[in-house]
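Peer 1: I'd like to go over a predicted model; first the sequence, then the structure.
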Amino acid sequence: MRLEVPVQVRWSDLDAYGHVNNASLLTLLEEARVTAFWAGGPEGSPDTAIIDAGPGASSITVIARQESEYLGQIPHHRQPIRVDIWVGHMGGASMQVCYEVRSPDRAELYARAATTVVMLDAATGFPRRLTDAERAAWQPYLEAPVQFRRG
């Protein structure tokens, strides 16, 4: 199962060619990831949004790895683009978040990506294990990792 997160492309995400800049894609993925996994979002946030990331939180998240594959140019849309998110792997203290970035009508696939997120104990700065609550919330979204064309 995948979680669909709408993300609005902003004018500042575009480059001189009129499409989303490659570096801006990482920001759009971050927005989708925060919506999907961080607690305290707007009303109607998904059940997967359970990481306490506010001030004084006991945990922090860091990115250990990111990989993106661009399949088409992402133009500016008035409607939000659609980012499908799932968990490709849950380790001891980390998870691989996988993405497919699609047009608002879902007809075009613009990009695939994967991010390894590591959970840290905020007090010590050392990795901490995924909790039972996190595993339970994310287990329904666990499926095969994203498959990149290059292998």
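Peer 2: Happy to help now that I have it.
Peer 1: quick one: the strands in this structure?
Peer 2: Using DSSP state E, the strands found in the chain span residues 3-7, 59-70, 81-90, 94-102, 109-121.
Peer 1: so which bits of the helix ranked longest in the chain are buried?
Peer 2: Longest helix in the chain, counting residues (DSSP state H): helix 22-37. Within helix 22-37, the residues that qualify as buried by neighbour count (16 or more other C-beta atoms under 10 Å) are 24-25, 28-29, 32-33, 35-37. From N, CA and C alone the C-beta is placed, and that goes for glycine too.
Peer 1: give me the residues contacting that helix.
Peer 2: Identification of contacts with helix 22-37 by C-beta atoms under 8 Å, 6 or more residues apart in numbering yields 3, 5, 7, 9, 12-15, 20, 41, 45-46, 48-51, 53, 61, 66, 68, 70, 74, 81, 83, 85, 97, 99, 101, 111, 113, 115, 117.
Peer 1: average pLDDT for it?
Peer 2: In this model, helix 22-37 has an average pLDDT of 94.
Peer 1: with just CA atoms, put it into PDB.
Peer 2: Extracted as PDB, the C-alpha positions of helix 22-37 are listed here (Å, rounded to 0.1, in the frame of the first residue of the first chain):
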ATOM      1  CA  ASN A  22      16.900  19.000  -9.700                       C
ATOM      2  CA  ALA A  23      17.800  20.400  -6.300                       C
ATOM      3  CA  SER A  24      14.200  21.600  -5.700                       C
ATOM      4  CA  LEU A  25      13.000  18.000  -6.200                       C
ATOM      5  CA  LEU A  26      14.700  17.100  -2.900                       C
ATOM      6  CA  THR A  27      12.700  19.900  -1.200                       C
ATOM      7  CA  LEU A  28       9.400  18.600  -2.700                       C
ATOM      8  CA  LEU A  29      10.300  15.100  -1.500                       C
ATOM      9  CA  GLU A  30      11.100  16.500   2.000                       C
ATOM     10  CA  GLU A  31       7.700  18.200   2.200                       C
ATOM     11  CA  ALA A  32       6.000  15.000   1.300                       C
ATOM     12  CA  ARG A  33       8.100  13.000   3.800                       C
ATOM     13  CA  VAL A  34       7.300  15.500   6.600                       C
ATOM     14  CA  THR A  35       3.600  15.400   5.900                       C
ATOM     15  CA  ALA A  36       3.700  11.600   5.800                       C
ATOM     16  CA  PHE A  37       5.800  10.900   8.900                       C
END
